[in-house]
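[1] Here's a sequence, model it:
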Amino acid sequence: MATANFQARIERINRAHEGLAPARAKTPIRALRSQPVTMSARRAGRRRLSIFDHMQSMALGSVLGCIVAVLLTGLASENSPWGPGTDLNEMLFLPALAGLALAPILMLVSLFLASKRPGFALFSLSYLSGLVITMLI
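    Here you go, the predicted structure:
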(Lines give C-alpha, C1' and ligand atoms only; values in the text may rest on other atoms or scores of the structure.)
Protein backbone atom coordinates (compact mmCIF):
# COMPACT_ATOMS: atom_id res chain seq x y z
CA MET A 1 0.00 0.00 0.00
CA ALA A 2 2.80 2.40 0.83
CA THR A 3 4.45 1.83 -2.54
CA ALA A 4 1.16 2.45 -4.36
CA ASN A 5 0.72 5.77 -2.54
CA PHE A 6 4.32 6.66 -3.25
CA GLN A 7 3.98 5.90 -6.97
CA ALA A 8 0.72 7.86 -7.13
CA ARG A 9 2.39 10.83 -5.51
CA ILE A 10 5.31 10.69 -7.99
CA GLU A 11 2.82 10.62 -10.88
CA ARG A 12 1.00 13.66 -9.46
CA ILE A 13 4.28 15.55 -9.15
CA ASN A 14 5.25 14.64 -12.71
CA ARG A 15 1.86 15.78 -14.04
CA ALA A 16 2.16 19.07 -12.16
CA HIS A 17 5.62 19.69 -13.63
CA GLU A 18 4.59 18.86 -17.20
CA GLY A 19 2.84 22.22 -17.50
CA LEU A 20 5.95 24.03 -16.31
CA ALA A 21 8.34 22.29 -18.70
CA PRO A 22 9.33 24.21 -21.86
CA ALA A 23 7.81 23.18 -25.16
CA ARG A 24 11.16 22.22 -26.70
CA ALA A 25 12.42 18.67 -26.74
CA LYS A 26 14.38 17.55 -23.72
CA THR A 27 18.15 17.58 -24.17
CA PRO A 28 20.18 14.70 -22.81
CA ILE A 29 22.43 15.52 -19.87
CA ARG A 30 25.58 14.60 -21.79
CA ALA A 31 24.86 17.29 -24.40
CA LEU A 32 24.59 19.94 -21.68
CA ARG A 33 28.03 19.24 -20.25
CA SER A 34 30.74 21.63 -21.40
CA GLN A 35 33.50 20.44 -23.65
CA PRO A 36 37.04 20.34 -22.26
CA VAL A 37 39.03 23.53 -22.88
CA THR A 38 42.18 23.04 -24.92
CA MET A 39 45.53 24.43 -23.80
CA SER A 40 45.70 26.84 -26.76
CA ALA A 41 42.34 28.34 -25.77
CA ARG A 42 43.58 28.73 -22.19
CA ARG A 43 46.73 30.51 -23.39
CA ALA A 44 44.68 32.79 -25.64
CA GLY A 45 42.45 33.64 -22.69
CA ARG A 46 45.45 34.53 -20.57
CA ARG A 47 46.92 36.66 -23.34
CA ARG A 48 43.75 38.73 -23.60
CA LEU A 49 43.90 39.64 -19.91
CA SER A 50 47.52 40.69 -20.06
CA ILE A 51 48.49 44.20 -18.97
CA PHE A 52 50.56 44.60 -22.13
CA ASP A 53 47.37 44.83 -24.20
CA HIS A 54 46.58 48.13 -22.49
CA MET A 55 50.05 49.67 -22.68
CA GLN A 56 48.95 52.06 -25.42
CA SER A 57 46.17 53.56 -23.31
CA MET A 58 48.44 53.76 -20.27
CA ALA A 59 51.21 55.50 -22.22
CA LEU A 60 48.76 57.93 -23.82
CA GLY A 61 47.23 58.78 -20.44
CA SER A 62 50.57 59.42 -18.79
CA VAL A 63 51.84 61.55 -21.69
CA LEU A 64 48.67 63.66 -21.75
CA GLY A 65 48.79 64.05 -17.98
CA CYS A 66 52.41 65.20 -18.17
CA ILE A 67 51.57 67.73 -20.90
CA VAL A 68 48.73 69.21 -18.84
CA ALA A 69 50.98 69.36 -15.77
CA VAL A 70 53.72 71.16 -17.70
CA LEU A 71 51.14 73.63 -19.01
CA LEU A 72 49.84 74.27 -15.49
CA THR A 73 53.35 74.65 -14.08
CA GLY A 74 54.28 77.09 -16.83
CA LEU A 75 51.17 79.19 -16.23
CA ALA A 76 52.46 80.13 -12.79
CA SER A 77 56.17 80.36 -13.60
CA GLU A 78 57.62 83.77 -14.45
CA ASN A 79 60.34 82.40 -16.74
CA SER A 80 58.14 80.27 -19.01
CA PRO A 81 57.04 81.42 -22.49
CA TRP A 82 53.39 81.12 -21.43
CA GLY A 83 53.93 82.60 -17.98
CA PRO A 84 51.90 85.38 -16.36
CA GLY A 85 51.37 88.50 -18.45
CA THR A 86 51.91 86.88 -21.86
CA ASP A 87 49.40 86.31 -24.65
CA LEU A 88 49.97 82.57 -24.45
CA ASN A 89 48.97 82.63 -20.78
CA GLU A 90 45.55 84.01 -21.63
CA MET A 91 45.16 81.49 -24.44
CA LEU A 92 46.27 78.40 -22.47
CA PHE A 93 44.73 79.22 -19.07
CA LEU A 94 41.27 77.71 -19.59
CA PRO A 95 42.39 74.56 -21.51
CA ALA A 96 44.99 73.81 -18.83
CA LEU A 97 42.46 74.21 -16.03
CA ALA A 98 39.99 72.06 -17.97
CA GLY A 99 42.69 69.36 -18.21
CA LEU A 100 43.19 69.57 -14.46
CA ALA A 101 39.45 69.31 -13.79
CA LEU A 102 39.16 66.41 -16.24
CA ALA A 103 41.34 64.07 -14.13
CA PRO A 104 38.89 63.40 -11.26
CA ILE A 105 35.95 63.28 -13.67
CA LEU A 106 37.72 60.60 -15.70
CA MET A 107 38.44 58.62 -12.55
CA LEU A 108 34.79 58.73 -11.45
CA VAL A 109 33.54 57.68 -14.88
CA SER A 110 36.06 54.85 -15.02
CA LEU A 111 34.67 53.45 -11.76
CA PHE A 112 31.44 52.68 -13.59
CA LEU A 113 33.03 51.52 -16.85
CA ALA A 114 35.98 49.53 -15.50
CA SER A 115 34.43 46.12 -16.10
CA LYS A 116 33.35 46.95 -19.65
CA ARG A 117 36.34 49.06 -20.68
CA PRO A 118 39.48 48.26 -18.66
CA GLY A 119 41.64 50.28 -21.06
CA PHE A 120 39.72 53.43 -20.19
CA ALA A 121 40.20 52.80 -16.48
CA LEU A 122 43.94 52.39 -16.97
CA PHE A 123 44.02 55.52 -19.16
CA SER A 124 42.33 57.65 -16.50
CA LEU A 125 44.55 56.25 -13.76
CA SER A 126 47.72 56.93 -15.72
CA TYR A 127 46.43 60.40 -16.70
CA LEU A 128 45.92 61.31 -13.05
CA SER A 129 49.25 59.75 -12.05
CA GLY A 130 51.15 61.57 -14.79
CA LEU A 131 49.47 64.82 -13.84
CA VAL A 132 50.20 64.54 -10.12
CA ILE A 133 53.75 63.22 -10.41
CA THR A 134 54.78 65.84 -12.95
CA MET A 135 53.23 68.60 -10.83
CA LEU A 136 55.23 67.40 -7.82
CA ILE A 137 58.56 67.45 -9.67
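
[2] Which of the helices and strands in this structure ranks last by mean pLDDT?
    Sorting the helices and strands of the chain by mean pLDDT, DSSP states H and E puts helix 29-32 at the bottom, at a mean of 58.

[3] For the closest residue to residue 97 other than its chain neighbours, give me its contacts.
    Leaving out its chain neighbours, the residue that sits closest to residue 97 by C-beta to C-beta, 6 or more residues apart in numbering is residue 72, at 7.7 Å. Quick note: C-beta positions are derived from backbone N, CA and C, even for glycine. By C-beta atoms under 8 Å, 6 or more residues apart in numbering, the residues touching residue 72 are 96, 97, 99, 100, 135.

[4] swap the cut-off to 10 Å and go again
    Contact analysis of residue 72 by C-beta atoms under 10 Å, 6 or more residues apart in numbering lists 92, 93, 96, 97, 99, 100, 131, 134, 135.

[5] Next: residue 92.
    Taking C-beta under 10 Å, 6+ apart, we find residue 92 in contact with 71, 72, 74, 75, 82, 86, 99.

[6] repeat for residue 95
    68, 71.

[7] same thing but 8 Å
    Neighbouring residues of residue 95 by C-beta under 8 Å, 6+ apart: residue 71.

[8] confidence score at it?
    What the model reports for residue 95 is a pLDDT of 93.

[9] Backbone dihedrals for it, please?
    Main-chain dihedrals, residue 95, degrees, to the nearest 10: phi -60, psi -40.

[10] what's near enough to touch the residue most central in space within the chain?
    Nearest to the mean C-alpha position of the chain, counting by C-alpha atoms, centre = their mean, stands residue 114 at 2.3 Å. Residue 114 makes contact with 120, 121, according to C-beta under 8 Å, 6+ apart.
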